[in-house]
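S.K.: Let me see the structure of the following:
(2 chains)
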Protein chains: 2
Amino acid sequence: MPKRNAFYAQSGGVTAVINASAAGVIETARQHRQHIGKVYAGRNGIIGALQEELIDTSKESKSAISALRMTPSGAFGSCRHKMKSVEENRAEYERLIEVFRAHNIGYFFYNGGGDSADTCLKVSQLSETMNYPIQAIHVPKTIDNDLPLTDNCPGFGSVAKYIAVSTREAAMDVASMCETSTKVFILEAMGRHAGWIAAAGGLAREQEGGAPHIILFPEIAFNRERFLAKVKRTVKQNGYCVIVASEGTQYKGGSFLADSGVRDAFGHAQLGGVAPTLAEMIKSELGYKYHWAVADYLQRSARHIASATDVEQAYAVGAAAVEFAVAGKNAVMATIVRGTGKRYSWSIGEAPLANVANVEKKMPRNYISRDGFGITDAARDYLAPLIQGEAYPNYKNGVPQYVTLKNVSVPKKLRKQFKLKS
Amino acid sequence: MPKRNAFYAQSGGVTAVINASAAGVIETARQHRQHIGKVYAGRNGIIGALQEELIDTSKESKSAISALRMTPSGAFGSCRHKMKSVEENRAEYERLIEVFRAHNIGYFFYNGGGDSADTCLKVSQLSETMNYPIQAIHVPKTIDNDLPLTDNCPGFGSVAKYIAVSTREAAMDVASMCETSTKVFILEAMGRHAGWIAAAGGLAREQEGGAPHIILFPEIAFNRERFLAKVKRTVKQNGYCVIVASEGTQYKGGSFLADSGVRDAFGHAQLGGVAPTLAEMIKSELGYKYHWAVADYLQRSARHIASATDVEQAYAVGAAAVEFAVAGKNAVMATIVRGTGKRYSWSIGEAPLANVANVEKKMPRNYISRDGFGITDAARDYLAPLIQGEAYPNYKNGVPQYVTLKNVSVPKKLRKQFKLKS
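M.R.: Next comes the predicted model:
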């Protein structure tokens, strides 16, 4: 088989460890020079392929690529661009093939979540659908932890650790002040459709009845009366109440709490946020002093407190993707397989992309306590290993030393520019 | 001199390192058993003294007290209770003396900010004003960094490090997605009256023109037009704009941005927050996609990313306070004195409490760039040493192992209960 180049792209929301996957892909590809030529990265994800904006990763030093293990965000840029079906937007696929052909790309490594798995599947079918030989392997990544067929998703463990640590710390703060000050603290966690991240807040709990006292999941319909009653009971019993709320918390019927429908004097929608919405509800109904935090991007970029397990797994799925490609595979995703022993162990597996794309893994009901406000021991057993270990970055002048790559462009070979439909 | 007991209390908002100061006080007092009997801590701060709810710290093991160095929040509880003047509320001072006398308390260590320094000063005068011999020493603490006569305040360095690290991480996240997604990110930092914490966001900047592109200080009157113009220019030039905004950002005249005055359909005040207010402004005027974070308590409790310098200084001021007491001093605050050499060094000094109480140290104008949106090299030189070094806590099961003290109560000796006026 003649040597062909590889294309790697980061897709969707970035994480604290997606660059570790990039390091896994690039370092492993460099070990297979007999099969794989250069690894070209898409500048800003798949858009980079469409616009022929490729980054030559061979221009990066060994130490720079190695430093990606310690660097959050997307080193090559990422994007939110979902490719439609070949039938709906044939031009995009023709363009992809044009660019791939011009740069002799035979391997496609796509690092993303559910939507990206779908795109990766479509690319894997280009050999058949459009007669361009290519192997497409998906490298899983999503803080939402909602991909099927893998025990967990790289990126999740680190955001879970961030939320667990932050919940414990903030809860201690509130506990020490509640006698005369704040009684209720609310931390809003990401996760629009699945409550995995909010659930991780439960790992902050040290003993029965401890903080967090309430977790709100998108999977459980929000009931205002039951919620307020639980807050009141908790404050009476403990003196304070700590709540971790998923941004996707919703009423029965599916309307999000954050979308309150309230308009200001100018008709603008009220500023969103589940945490402030809950805080206002508590203040007006129960009168407690409150504080709230919205961690937003801080949680998914917090490489400073990344889970060592997550970093290792992120690297491993990247490395495995290249091994799969070299072994001739196509249309698969590297997965994390949990060992069956009592002590946590994991290994790398694979899943057919056709079974991954567009399937969303929500929290199983038995991971959520009967009253809907907490996690069960089963959830704890599942979650706890994923946040194990600290993988601290190096520091310089008091802040982490993260790498910025040179990101040298591959000279364009095509005359035509491509205009994205957005 | 007959041996007398000491009273220690934590006051006001807790920090990531106030317990390190407690460790400094308690461990040093244990080295002076010939002068100091037991250290009693106020349960929930000064309220504990008024209500005769004292904690016997001698019941805590050596290792538990040592673990306070690594534990955020207030281990004995804190409160917001400002004691009025003796003239205005003589009953409180009489009660204090009653409790102090009952428990043979001759040393008063008060760990707090500006208001607390004022209380500490009043207690230091009890020998004169009410004929009860006592030595009162202030142990500085405030994330706001607004105490005078000390180069910096314990608690500030850690929140500054948190904001600098978080700003860098979130900025990298935004940079990698801005081509197709979020263009503006706003991090709201604490600091109602002084911009020190927001200023620390500036330490995230790696090069001229890098993120954060805009810092908003309470010291600089907010000008909507200039702000929006700067955001627009930044997005055009860089593709994205990162903003660190102090919660105390205010218009000329002093009205806070967070207090928008807008009411919902029920007449409730709109949910606060400078970050969402700015986000809405940017969205409606410039149309950029935005994200915002409000770190709230997360920033001041983030012991997991505490500044090693801050931890050491917090311990040192606690230890020094005890040495001052043993040396017979009264009405002083332990201070941090910056060395004059080029390389950062510090030592412990002292300041008369009369000069400390109720003086607020704001950011000097020459620490803020001419356009009002950034920090100068002078600010950088001042701030950078304060976030140096990492002082990681131990971890167990993926989360920090913080100590919870036994907090054994000292048996009450007084019959009378005391009702606080609040």
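
S.K.: and the stretch 101-250 of chain A, which residues reach chain B?
M.R.: A:161, A:164-166, A:168-170, A:172-177, A:179-181, A:185, A:187, A:203-204, A:206 (C-beta under 8 Å from any C-beta of the partner chain). In short, each C-beta sits where N, CA and C put it, glycine included.

S.K.: Now, those residues that are in strands?
M.R.: Among these, DSSP state E puts A:185, A:187 in strands.

S.K.: Buried subset of the residues of the stretch 101-250 of chain A next to chain B, written for PyMOL?
M.R.: Applying 16 or more other C-beta atoms under 10 Å in any protein chain shown to these, the buried members can be selected in PyMOL as follows:
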select buried, chain A and resi 161+164+165+166+168+169+170+172+173+174+175+176+177+179+180+181+185+187+203+204+206
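
S.K.: Just the residues of the stretch 101-250 of chain A next to chain B: which are in helices?
M.R.: Using DSSP state H, the members of those that fall in helices are A:161, A:164-166, A:168-170, A:172-177.

S.K.: wait, which of these is closest to residue A:114?
M.R.: residue A:161 (22.5 Å; C-beta to C-beta).

S.K.: That closest one contacts residue A:200, doesn't it?
M.R.: Yes: the pair residue A:161 / residue A:200 is scored as a contact, 7.5 Å apart, by C-beta atoms under 8 Å.

S.K.: Go ahead and name everything in contact with the helix or strand bottoming out on mean pLDDT in chain A.
M.R.: In chain A, the helix or strand scored least confidently by mean pLDDT, DSSP states H and E is helix A:126-129, which has a mean of 89. In this structure, residues lying in contact with helix A:126-129 by C-beta atoms under 8 Å, 6 or more residues apart in numbering or on different chains are A:86, A:93, A:96-97, A:132-134, A:136, A:330.

S.K.: Tabulate those in CSV, adding columns for secondary structure.
M.R.: Output for the contacts of helix A:126-129, formatted as CSV (DSSP: H, G, I helix; E, B strand; the rest coil):
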residue, secondary structure
A:86, coil
A:93, helix
A:96, helix
A:97, helix
A:132, coil
A:133, coil
A:134, coil
A:136, strand
A:330, coil
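
S.K.: just the buried members of the residues you listed?
M.R.: Of these, these count as buried by 16+ other C-beta under 10 Å: A:93, A:96-97, A:132, A:134, A:136, A:330.

S.K.: From the residues you listed, pick the one nearest chain B.
M.R.: residue A:96 (17.0 Å; C-beta to the nearest C-beta).

S.K.: Apart from its chain neighbours, what residue comes closest to the closest one?
M.R.: Take residue A:96 and drop its neighbours on the chain: the residue closest to it by C-beta to C-beta, 6 or more residues apart in numbering or on different chains is residue A:49, 5.8 Å away.

S.K.: Assess the claim that the one you found and residue A:42 are in contact.
M.R.: Yes: the pair residue A:49 / residue A:42 is scored as a contact, 5.0 Å apart, by C-beta under 8 Å.

S.K.: and for those two, which residues touch both?
M.R.: A:7, A:9.

S.K.: can you dump the C-alpha coordinates of the strand or helix carrying the residue nearest to residue A:96 into PDB?
M.R.: Mapping residue A:49 onto the secondary structure by DSSP states H and E places it in helix A:46-50. Below are the C-alpha coordinates for helix A:46-50, written out as PDB (Å, rounded to 0.1, in the frame of the first residue of the first chain):
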ATOM      1  CA  ILE A  46     -13.600  20.000   9.600                       C
ATOM      2  CA  ILE A  47     -13.800  23.600   8.200                       C
ATOM      3  CA  GLY A  48     -10.100  23.400   7.700                       C
ATOM      4  CA  ALA A  49     -10.500  20.500   5.300                       C
ATOM      5  CA  LEU A  50     -13.300  22.100   3.400                       C
END
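
S.K.: contacts for it?
M.R.: Against helix A:46-50 from outside (C-beta under 8 Å, 6+ apart): A:7, A:9, A:11, A:41-42, A:53-55, A:76-77, A:79, A:81, A:83, A:92, A:95-96, A:99-100, A:110, A:119, A:418, A:420, B:179-180.

S.K.: Just the buried ones from the residues you listed?
M.R.: If we count by 16+ other C-beta under 10 Å, the contacts of helix A:46-50 have these buried: A:7, A:9, A:11, A:41-42, A:53-55, A:76-77, A:79, A:81, A:83, A:92, A:95-96, A:99-100, A:110, A:119, A:418, B:179-180.

S.K.: Restricted to helices, list those.
M.R.: A:92, A:95-96, A:99-100, A:119.

S.K.: Where does pLDDT dip in the stretch 201-350 of chain A?
M.R.: A:260-272 (pLDDT under 70).

S.K.: Which stretches in it count as helices?
M.R.: Taking DSSP state H, counting those that start in this stretch, the helices of the stretch 201-350 of chain A run over residues A:224-238, A:274-286, A:297-301, A:308-326.
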